[in-house]
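> structure for the following, please:
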Amino acid sequence: MEPTRGPFTGFFYVVLLWAMGLHSMLAIIPTFLHMGIDIFACVYIGAYHSLYSDPLRKPWVVRDCWRYPLYATLTLLGVYLLILAFGKDIANKVLTIYLCFIGTFAVKDWLIFVFSKEKSQCGYFRAPTSHIVLFVLSALLCIFNAVVQDWVSNNVISLCFALYAIKYVHCRRFAPTTLMLVLYVLYDVFFVFFSGAMAEVANTVTGPVKLLLPPLGSRGRLAFIGLGDIMIPGVLIALCLRFDFSRSTAKTKGSNYPRPYFKAAMWGYVAGFLMTIVANFVLRRSLPALLWLVPGTVAGVGLAAIRRGELGVLLQFDGADAEDKAQDTEKT
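Numbers count the residues shown, from 1 in each chain. Purely as a prediction, here's the structure:
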């Protein structure tokens, strides 16, 4: 049977999610530690979240893995042109309204998952009363953030965005997923080093598209980390966990089954994060985090596969098989 997601489990996850935002108020903690707490917890929880089947989610095929970096490029350029055409204030207001709208559904999806024993597969117009209440609470949180621009609520909504993406971006194979990550690295490098579009958009948009992190001490600018630095490696890490689960004999997702590739991916992500911190400190400038996070994560998985002599097995894996096992598990 599937692990219970009753009120106690829901309370635990909500407290953890808020803590990931509230700990940012403790300015005595170094900024890099704030980042680590947020992104590692988010990727870890999001990966386990992706194990649960959902009829609204469809596994990605190969063409999706190269199309979405293209969509990201077009979206960034579109927002940049919006800023140039109408000015920062109008562009920011339009984007704030849009993010408030879609953020409501991201927060609601997370709250339904942690509070309800049922799957979040109800239609929005036929949802039970509890789902409507959670939808209203999610909307109030997003409206509060849009009006007050509070950084704690910003972080909570941003983390819900990241969790939602890791859950629904369901890549099936390792090779196309790795290709997608490489394309995102090229996208990140180009727009950081060779174009001012990304910096302009990041400094203009005040909505929940990034985690805001306090400086060490009471003075200084808020640091931030983009959600893409969490979601993009998180997709590969979640795929590793589904691969581990598909090969195990476990009958529940909470069972103590071996997770060698998930652990290798997480440690690779940690190594990439540390390389990012060191590179920024040594070079005294902001660098694209994916330049270190993606190679670290991919190298961790690749080295684990080579050491175990399972590189061929890894590349032949099809996530649809894991999805079938997940559905079978939830029926038992």
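> any regions of the stretch 201-332 of the chain where pLDDT drops low?
The stretch 201-332 of the chain contains residues with pLDDT under 70 at 214-222, 249-255, 320-332.
> what are the ranges of the helices in it?
In the stretch 201-332 of the chain, the helices defined using DSSP state H, counting those that start in this stretch lie at 228-247, 260-283, 290-308, 311-316, 319-331.
> want to try TSV for these, with distance to Val185 as columns?
In short, each C-beta sits where N, CA and C put it, glycine included. As requested, the helices of the stretch 201-332 of the chain are exported to TSV (distance: least, CB to CB, whole Å):
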stretch	distance to Val185
helix 228-247	9
helix 260-283	11
helix 290-308	5
helix 311-316	20
helix 319-331	22
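> and Gly309, what are its phi and psi?
phi 70, psi 30 (degrees, to the nearest 10).
> neighbours of it, how many?
8 (other CB atoms under 10 Å).
> how about Ile37?
By other CB under 10 Å, neighbour count at Ile37 equals 16.
> distance check, it against Val43.
Applying CB to CB, to the nearest Å, the value for Ile37 to Val43 is 12 Å.
> one more: Met35?
12 Å.
> list the contacts for the closest residue to Ala264 other than its chain neighbours?
Once flanking residues are discounted, Ala264 sits nearest to Ala304: 3.6 Å by CB to CB, 6 or more residues apart in numbering. The contact partners of Ala304, taken as CB atoms under 8 Å, 6 or more residues apart in numbering, are Pro260, Tyr261, Ala264.
> which one of those residues is nearest Leu51?
Tyr261 (13.9 Å; CB to CB).
> so the closest one touches Asp244, yeah?
Yes. If you go by CB atoms under 8 Å, Tyr261 and Asp244 touch, sitting 5.5 Å apart.
> okay, the two: which has more neighbours?
Under the criterion of other CB under 10 Å, the comparison of Tyr261 against Asp244 puts Tyr261 first, with 26 against 21.
> quick one: residues contacting the closest residue to that one other than its chain neighbours.
Nearest residue to Tyr261 in three dimensions, chain neighbours excluded: Cys240, at 4.1 Å (CB to CB, 6+ apart). Residues near Cys240 by CB under 8 Å, 6+ apart: Ala47, Tyr261, Phe262, Ala264, Ala265, Val301.
> just the strands in the chain please.
210-213, 223-226 (DSSP state E).
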